[in-house]
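*Asks:* just need the structure, nothing else, for what follows:
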Amino acid sequence: MVSEEHPRYRSLTIRDKLVEGYEKGIVSTHGLIAHGRGEAFDYLLGEKTSDTALNATKVACAFLLTAKRPVVSVNGNTAALVAEEIAELHVITKIPVEINLFHRSRERIERIAHHLQSHGLENILTGLDFVELLNIASQRAKVDKRGIYQADTVLAPLEDGDRALALTQLGKIVLTVDLNPLSRTALTSTVTIVDELTRAMKNLITLAKYFKTTGRMNKLAMLKTSFDNRENLEASYKIMLERLQSLVS
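*Replies:* From the prediction side, this is the model:
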């Protein structure tokens, strides 16, 4: 167990959740590597949510709550880190959840589905009854006929760049969480939340509750139309650069 007095307690507990997910067959070895890459960018954010990221989360929430056919896409890392939050978001919004994997196998899909169910999520779309999308060079091209295939808006944290591009080319709104503002995913998505996933999901839940219970749904359209993802990414990159300069000066 990591001591709560450790200066990087929260980051290390997140690592522990991923290792546990790997041991359960939920997270792939490649997912562990990808997480380490993301951590490097989180250092440059000071391991906290910036105002820029929070604004992008508000915009993502606006798109989700006003969509006709939204869906949440879940991979292994996402399931391991925020299963409880995904279930809570579903309770608030009723948005369906689909399992979609780069390293895909029926056994791994079933393990992730069981993990999500253990956190209270039912009626999970497994993608076993799938349609294969074009221009995606991985197993993530296989999407559920009742989920991503029909969706107009896809919340896809930790997404792959080729699929983010393919989904936007199909006319879908793509909302992602990506700590790297220079990644293909970040650059091609409609809204990129440059933040660590567990922080971003907690913020998204708080915002969804706020908009749905306070009678402020009429403000969502303005949030969508006033957002520019390139400006959002430039602002996120500037935050990282300024922090890096302050650390080395």
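
*Asks:* pull the CA atoms of stretch 235-249 into CSV?
*Replies:* The C-alpha coordinates for stretch 235-249 follow below in CSV (Å, rounded to 0.1, in the frame of the first residue of the first chain):
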residue,chain,number,x,y,z
ALA,A,235,-3.9,27.0,-24.4
SER,A,236,-3.2,23.6,-22.9
TYR,A,237,0.1,23.4,-24.6
LYS,A,238,1.0,26.9,-23.3
ILE,A,239,0.2,25.9,-19.8
MET,A,240,2.6,22.9,-20.1
LEU,A,241,5.3,25.0,-21.7
GLU,A,242,5.1,27.7,-19.0
ARG,A,243,5.3,25.2,-16.2
LEU,A,244,8.3,23.5,-17.9
GLN,A,245,10.1,26.9,-18.2
SER,A,246,9.3,27.6,-14.5
LEU,A,247,10.8,24.3,-13.4
VAL,A,248,14.0,24.7,-15.3
SER,A,249,14.6,28.4,-14.7
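
*Asks:* residues in contact with that stretch?
*Replies:* Contacts to stretch 235-249, defined as CB atoms under 8 Å, 6 or more residues apart in numbering, come from residues 41, 44-46, 50, 52-53, 181-182, 192, 194. Any C-beta I mention is one placed from the backbone N, CA and C, and that applies to glycine too.

*Asks:* where does the most centrally placed residue in the chain fall, phi/psi-wise?
*Replies:* The C-alpha lying nearest the average C-alpha coordinate of the chain belongs to residue 157 (CA atoms, centre = their mean; 1.8 Å). Residue 157 adopts backbone torsions of phi -60, psi 150, taken as degrees, to the nearest 10.

*Asks:* distance between the helix ranked longest in the chain and the chain's centre?
*Replies:* Longest helix in the chain by number of residues (criterion: DSSP state H): helix 229-248. Here the centre of helix 229-248 is set off from its chain's centre by 21 Å, with CA atoms, centre = their mean, to the nearest Å.

*Asks:* quick check: buried residues in that helix?
*Replies:* Neighbour-count burial for helix 229-248, counted by 16 or more other CB atoms under 10 Å, picks out 229, 232-233, 235-237, 239-240.

*Asks:* go on, stretch 37-56?
*Replies:* For stretch 37-56, the buried set under the neighbour-count rule, 16+ other CB under 10 Å, comprises 38-39, 41-42, 44-45, 49-50, 52-53, 55-56.

*Asks:* so which of these sit within helices?
*Replies:* 38-39, 41-42, 44, 52-53, 55-56.

*Asks:* burial of residue 94, as a residue count?
*Replies:* 8 (other CB atoms under 10 Å).

*Asks:* what do you get for residue 180?
*Replies:* Using other CB under 10 Å, the number of residues around residue 180 comes to 20.

*Asks:* how close does the closest residue to it other than its chain neighbours sit to residue 103?
*Replies:* In space, residue 180 comes closest to residue 41 once its chain neighbours are excluded; the distance is 5.2 Å by CB to CB, 6 or more residues apart in numbering. Noted for residue 41: a distance of 23 Å to residue 103, by CB to CB, to the nearest Å.

*Asks:* now the strands for the chain?
*Replies:* 70-74, 97-99, 130-132, 142-144, 153-155, 173-177, 191-193 (DSSP state E).

*Asks:* since that was my last question, I'll sign off now.
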